[in-house]
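Undergrad: Predicted model, plus sequence, below.
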Amino acid sequence: MKNTALLFFALFMTSVCFAQTTGDAKVDEMIKKMKQQQQSNASITYTFKGKTYKDAAMTDTTKKGYYQVLSSLIADKTPDSTILISFMGTASGTHQFGEKNNGSIVMLNGSVYQMKGTVTIVIKGAKASGSFQGELYLVRQKNPKPDAKSSGKISGTFKI
């Protein structure tokens, strides 16, 4: 269910990002931040089943204290892929992600996967860099729970 909600949020944000202003100061500020991060050559690169994906990247911190590393939702260079790594905490170090349905997902070529693994991150002010590795579990359209069997390993790096 959370994966579906995140998918709708991503689609909503994509449509909002093409507008110059939304009339909501908080949303406008978030769009401004996204555009600034995209123009800063921030990137995320990851490999799944022998294919490498690279995209513009950004970070965000949620109200519940989750730190997020994600592919940019505006002017996407690779529309066939989107990644969101979400973990509790905002400190440098190694963190688990994908546990307790916290919303770490990957969308590749129309398929949605829940992602579980670890991220090692160094955070210096507004800058972040690191690596991640884990397993992907397919989420089928008619069943919101991910498959019990892994669809394969994923690994990657990011610099924001």
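TA: Here it is on my side, so go on. Numbering: from 1, shown residues only.
Undergrad: On the three-state scheme, residue 31 is what?
TA: Secondary structure assignment for residue 31 (DSSP: H, G, I helix; E, B strand; the rest coil): helix.
Undergrad: All further residue positions should be reported with the first residue as 644.
TA: Happy to do that; since the first residue is 644 now, the last one works out to residue 674.
Undergrad: per-residue confidence at it?
TA: Residue 674 is assigned a predicted lDDT (pLDDT) of 71.
Undergrad: Name the spans of this structure whose pLDDT lies under the cut-off.
TA: Applying pLDDT under 70 to the chain flags residues 644-665, 673, 676-683, 715-722, 743-745.
Undergrad: make it 80
TA: Scanning the chain for pLDDT under 80 picks out 644-684, 715-723, 742-746, 769.
Undergrad: Can you list the residue ranges for helices in it?
TA: Along the chain, counting by DSSP state H, helices occupy 645-660, 668-682.
Undergrad: So which residues of the protein form strands?
TA: 686-691, 694-704, 709-714, 724-731, 736-740, 748-751, 754-767, 770-782, 795-802 (DSSP state E).
Undergrad: among those, which is nearest residue 666?
TA: Residue 666 lies closest to strand 694-704 among those, at 21.0 Å (C-beta to C-beta). Where C-beta positions appear, they are placed from N, C-alpha and C, glycine not excepted.
Undergrad: What's the local residue count around residue 667?
TA: Neighbour count of residue 667, defined by other C-beta atoms under 10 Å: 11.
Undergrad: thought residue 740 was touching residue 776?
TA: No - assessed by C-beta atoms under 8 Å, residue 740 is found out of contact with residue 776, at 10.5 Å.
Undergrad: so what sits against both of these two?
TA: Common neighbours of residue 740 and residue 776 (criterion: C-beta atoms under 8 Å, 6 or more residues apart in numbering): 760-761.
Undergrad: neighbour count winner among these two?
TA: Using other C-beta under 10 Å as the criterion, residue 740 and residue 776 rank with residue 740 on top: 23 against 14.
Undergrad: which residues sit in contact with that one?
TA: 728-730, 747, 758-762, 775, 777.
Undergrad: What distance do you get for it to residue 762?
TA: 6 Å (C-beta to C-beta, to the nearest Å).
Undergrad: overlap in contacts of those two?
TA: Counting by C-beta under 8 Å, 6+ apart, the residues touching both residue 740 and residue 762 are 728, 730, 775.
Undergrad: Dump those into CSV; add distance to residue 713 and neighbour count as well.
TA: Output for the shared contacts of residue 740 and residue 762, formatted as CSV (distance: C-beta to C-beta, whole Å; neighbours: other C-beta atoms under 10 Å):
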residue, distance to residue 713, neighbour count
728, 7, 31
730, 12, 24
775, 12, 25
